[in-house]
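Visitor: What follows is a predicted structure for the sequence shown.
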Amino acid sequence: MILKFLRLLKIFTVATKYGLDEIAMSGFDAPRTARFVSGMFFWRKRITTPRGIRLRLALEELGPIFIKFGQVLSTRRDLMPPDIADELSRLQDRVPPFPSDQAIAQITASLGAHPDQLFASFDPVPVASASIAQVHFATLKNGKEVAIKVLRPGMKKTIDEDIALMYMATGLIERVWAESRRLKPREVVAEFDKYLHDELDLMREAANAAQLRRNFADSELLMVPEMYWDYCSSSVIVMERMNGIPVSQIDRLAAEGVDLKKLSSDGVEIFFTQVFRDGFFHADMHPGNILVSIDPATFGRYIALDFGIVGTLNDFDKDYLSQNFLAFFRRDYKRVAEAHIESGWAPRNTRVDELESAVRACCEPIFDRPLKDISFGQILLRLFQTSRRFNVEVQPQLVLLQKTLLNIEGLGRQLDPDLDLWKTAKPYLERWMGEQVGWRGLVERLKAEAPRYAHIFPQLPRLAHRALEQHAQPHAATQDLLTMLVLEQRRTNRLIGFVAWLAGGIASGIIFAALFARYGQHL
Ligand SMILES: Nc1ncnc2c1ncn2[C@@H]1O[C@H](COP(=O)(O)OP(=O)(O)OP(=O)(O)O)[C@@H](O)[C@H]1O
């Protein structure tokens with residue numbers, strides 16, 4: 001309890017030192033009591049440093065968990081003012097490594113043997129250390145070079161304590177200051193809580209890596225380290241050691257003869273493949289996590305590292321994205337508005353023309369520049385900001401996607417300032433749309449649903465009969481369901497009819513050809 005109090009006191013002192021209260025007071029219509037308490041810090045020197053810098057310095061002083069919190073906040077550009085988000089994105093969580101005997105103890109406890117027994121060699125000096133984990137290199141007994149990621153000891157306790165304080169603080173703020181709820185502080189902390197706890201389980205990270213590796217097994221564009229499952233636990237993972245040049249070292253890449261233009265468009269292709277083909281994307285694409293191979297066998301291929309954060313998208317999300325991007329680039333804002341209402345994201349009673357004109361107002365200025373300079377990430381961001389005004393809840397996976405898009409665009413344009421994102425991405429969007437509508441889409445969906453239909457179809461007449469009996473006057477939801485089932489059945493019947501007709505045609509053709517071959521000369 002005393003420790004909790006001291007920690008709270010420390011947070012309070014740091015917040016006052018950097019005038020964070022003043023940021024809050026100026027940003028919102030703060031209640032009088034809060035202004036009075038804030039005004040009591042008369043002894044504080046006049047604050048002249050910009051608010052974003054002050055917030056960043058305060059978080060740095062509060063330690064790794066708060067630094068991580070700032071990094072996560074920096075990605076919520078739909079909530080944060082741009083000056084603060086820009087400054088927070090500069091937070092670095094490079095922290096001093098923890099002693100190697102602690103890493104060795106962690107490996108021994110997790111994998112059941114000392115590194116000397118497990119590996120042919122183990123380097124006690126870490127190659128990198130961050131707030132959650134650090135990485136050591138080693139060699140397996142079969143000669144394979146590996147990288148070992150070890151969780152920082154005692155992290156869970158520290159995280160739980162700091163998060164509990166954050167919940168307490170946000171709860172208090174929300175209670176005394178209703179206006180602050182607009183920023184959804186509790187929701188943001190809850191998201192951060194989940195994010196950190198996900199990162200604490202390295203097994204999740206290993207599983208994400210394995211999935212991404214499988215998705216790109218046949219690709220010439222991206223390499224993902226293999227996970228060595230016999231040496232993986234929730235606090236230690238061992239994976240193939242990758243060699244390459246960090247993508248941020250552009251001069252080195254150029255000197256090695258890597259084609260930067262190709263690298264740039266490959267990056268976009270990889271990203272859109274992850275999004276629209278797999279619905280599974282690496283969402284921590286900062287340049288430190290991306291290498292480029294210069295090994296002759298895999299020259300110029302991307303290497304991905306650090307799989308702690310991935311985004312997943314379902315068909316609904318993909319449909320939303322492709323519809324909106326395509327409508328945007330046709331400047332069809334009405335379609336954008338309709339897509340939001342049809343998908344149920346904007347409330348049903350939203351007026352299409354109002355949403356359309358809001359979207360137009362925020363996006364038209366973006367189109368005032370050459371197509372190649374348009375940022376998908378910016379478009380999505382503006383869209384989310386506009387949508388919020390219409391009570392659209394922006395889905396976390398799309399916020400993650402928007403943040404990753406900004407990273408990819410930044411990276412792509414650093415490698416090739418002429419990168420035309422739209423030209424590179426359009427075929428993916430169009431292919432996705434093509435697969436969703438028309439015969440191809442229907443056949444694909446039927447194929448995917450076939451096993452389920454096999455169960456449902458025989459029961460359909462009974463279920464429909466029972467539903468009709470139970471509800472002589474079916475209510476709206478049941479009515480909708482029945483209508484949907486009937487429509488689906490009709491569509492399937494049409495497809496089956498078409499296939500039967502085609503098969504019949506082919507069969508008659510074959511029979512006719514056979515008869516003609518046999519008896520044709522007698523005719
Ligand atoms: N498989 C690997 N092969 C070679 N080097 C690796 C490998 N995995 C990690 N590293 C090295 O360790 C560094 C940190 O790894 P990683 O990003 O996974 O850790 P992290 O703790 O999540 O760090 P951060 O939070 O800064 O991204 C990488 O930048 C890279 O230099």
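Guide: Great, that's in hand. Numbers count the residues shown, from 1 in each chain.

Visitor: wait, Leu429 sits on Asn324?
Guide: No. No contact is recorded between Leu429 and Asn324 when judged using CB atoms under 8 Å, the distance being 9.7 Å. Using the backbone N, CA and C atoms, a C-beta is placed for each residue, glycine as well.

Visitor: Give the residue spans of the stretch 51-200 of the chain that score low on pLDDT.
Guide: Across the stretch 51-200 of the chain, the stretches falling below the confidence threshold (pLDDT under 70) are 78, 93-94, 176-184.

Visitor: For it, which segments are assigned as helices?
Guide: With DSSP state H, counting those that start in this stretch as the definition, the stretch 51-200 of the chain shows helices at residue ranges 51-62, 64-75, 82-88, 100-111, 115-118, 155-176, 185-200.

Visitor: So which of these is nearest Asp416?
Guide: With distances scored as CB to CB, the stretch of the helices of the stretch 51-200 of the chain nearest to Asp416 is helix 82-88 (23.7 Å).

Visitor: Name the surrounding residues that touch that closest one.
Guide: Helix 82-88 is touched from outside by 50-53, 55-56, 59, 70-71, 73-77, 80, with contacts defined as CB atoms under 8 Å, 6 or more residues apart in numbering.

Visitor: Would you mind measuring from Glu174 to Ile11?
Guide: Counting by CB to CB, to the nearest Å, the gap from Glu174 to Ile11 is 17 Å.

Visitor: Settle it for me: which of the two has more neighbours?
Guide: The neighbour count for Glu174 versus Ile11, taken as other CB atoms under 10 Å, is higher for Ile11 (19 against 16).

Visitor: For Gly300, list the residues it contacts.
Guide: Counting by CB under 8 Å, 6+ apart, Gly300 touches Val258, Asp259, Lys262, Leu263, Asp266, Val292, Ser293, Ile294.

Visitor: so how far is Leu221 from the last one?
Guide: When CB to CB is applied, the distance between Ile294 and Leu221 equals 15 Å.

Visitor: Then the fifth one?
Guide: Going from Asp266 to Leu221 by CB to CB gives 5 Å.

Visitor: Give me the common contacts of the two.
Guide: With contacts defined as CB under 8 Å, 6+ apart, the residues adjacent to both Asp266 and Leu221 are Tyr302.

Visitor: State the distance from the nearest residue to Gln106 once chain neighbours are set aside to the ligand.
Guide: Nearest residue to Gln106 in three dimensions, chain neighbours excluded: Val150, at 5.2 Å (CB to CB, 6 or more residues apart in numbering). When CB to the nearest ligand atom, to the nearest Å is applied, the distance between Val150 and the ligand equals 9 Å.

Visitor: What is the neighbour count of Val150?
Guide: Applying other CB under 10 Å, we find 25 other residues in the vicinity of Val150.

Visitor: ok, now Ala85?
Guide: By the measure other CB under 10 Å, the count of residues near Ala85 is 18.

Visitor: Could you check how far the residue of the stretch 301-450 of the chain found nearest the ligand is from Val95?
Guide: In the stretch 301-450 of the chain, the residue that lies nearest the ligand is Asp306 (3.3 Å; CB to the nearest ligand atom). Counting by CB to CB, the gap from Asp306 to Val95 is 16 Å.

Visitor: For the spatially most central residue of the chain, list the residues it contacts.
Guide: In the chain, the C-alpha nearest the mean C-alpha coordinate belongs to Gly311, at 3.1 Å (CA atoms, centre = their mean). Gly311 makes contacts with Phe280, Phe281, Ala283, Gln397, Leu400, Leu401, Thr404, as judged by CB under 8 Å, 6+ apart.

Visitor: For it, list each beta-bridge partner.
Guide: Here Gly311 sits in beta bridges with Phe281, going by DSSP bridges.

Visitor: Was I right to think Arg382 contacts Cys363?
Guide: Yes. Contact status for Arg382 versus Cys363: in contact at 5.9 Å, counting by CB under 8 Å.

Visitor: re the thing from before, how about the nearest residue to the residue of the stretch 301-450 of the chain closest to the ligand, chain neighbours excluded?
Guide: Asn289 (4.3 Å).

Visitor: Read off the pLDDT value for the one you found.
Guide: Per-residue pLDDT puts Asn289 at 89.

Visitor: Distance of the closest residue to Ile132 other than its chain neighbours relative to Asp284?
Guide: Sequence neighbours aside, Glu199 is the residue nearest to Ile132 in space, at 5.3 Å (criterion: CB to CB, 6+ apart). Noted for Glu199: a distance of 10 Å to Asp284, by CB to CB.

Visitor: Closest one of the contacts of Gly300 to the ligand?
Guide: Ser293 (11.6 Å).

Visitor: can you count the residues close to that closest one?
Guide: Neighbours of Ser293 (other CB under 10 Å): 18.

Visitor: for Lys261, same thing?
Guide: 12.

Visitor: Helix or strand: which one has it?
Guide: Assigning secondary structure by DSSP states H and E places Lys261 in helix 260-272.

Visitor: buried set for that helix?
Guide: Under the neighbour-count criterion of 16 or more other CB atoms under 10 Å, helix 260-272 has Leu260, Leu263, Ser264, Ser265, Asp266, Gly267, Val268, Glu269, Ile270, Phe271, Phe272 buried.

Visitor: Distance of the fifth one relative to Ala255?
Guide: When CB to CB is the yardstick, Asp266 and Ala255 sit 19 Å from each other.

Visitor: What parts of this structure come near the ligand?
Guide: 127-128, 130, 132-133, 135, 147, 149, 225, 239, 241-242, 288-289, 305-306, 308 (CB under 6 Å from any ligand atom).

Visitor: which parts of the helix or strand hosting Val399 are buried?
Guide: Val399 is located in helix 396-415, with elements delineated by DSSP H and E. Along helix 396-415, these residues count as buried under the neighbour rule (16+ other CB under 10 Å): 397-409, 411-413, 415.

Visitor: do the same with stretch 360-378
Guide: By neighbour count, and taking 16+ other CB under 10 Å as the criterion, the buried residues in stretch 360-378 are Cys362, Cys363, Ile374, Ser375, Phe376, Gly377, Gln378.

Visitor: Helices along the stretch 201-350 of the chain, start to end?
Guide: Defined through DSSP H, counting those that start in this stretch, the helices belonging to the stretch 201-350 of the chain, from first to last, are 202-215, 250-255, 260-272, 315-329, 333-342.

Visitor: out of those helices, nearest to Leu468?
Guide: Comparing the helices of the stretch 201-350 of the chain by their distance to Leu468 (CB to CB), the top pick is helix 333-342, with 29.0 Å.

Visitor: How far does the closest one sit from its chain's centre?
Guide: Once both centres are worked out by CA atoms, centre = their mean, to the nearest Å, helix 333-342 turns out to sit 23 Å from its chain's centre.

Visitor: Only C-alpha atoms, please: export it in PDB.
Guide: These are the backbone C-alpha positions of helix 333-342, laid out as PDB (Å, rounded to 0.1, in the frame of the first residue of the first chain):
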ATOM      1  CA  TYR A 333     -18.000  10.300 -51.300                       C
ATOM      2  CA  LYS A 334     -21.600   9.200 -51.400                       C
ATOM      3  CA  ARG A 335     -20.500   5.600 -51.800                       C
ATOM      4  CA  VAL A 336     -18.200   6.100 -48.800                       C
ATOM      5  CA  ALA A 337     -21.100   7.400 -46.700                       C
ATOM      6  CA  GLU A 338     -23.400   4.600 -47.900                       C
ATOM      7  CA  ALA A 339     -20.700   1.900 -47.200                       C
ATOM      8  CA  HIS A 340     -20.500   3.200 -43.500                       C
ATOM      9  CA  ILE A 341     -24.300   3.000 -43.100                       C
ATOM     10  CA  GLU A 342     -24.800  -0.300 -44.900                       C
END
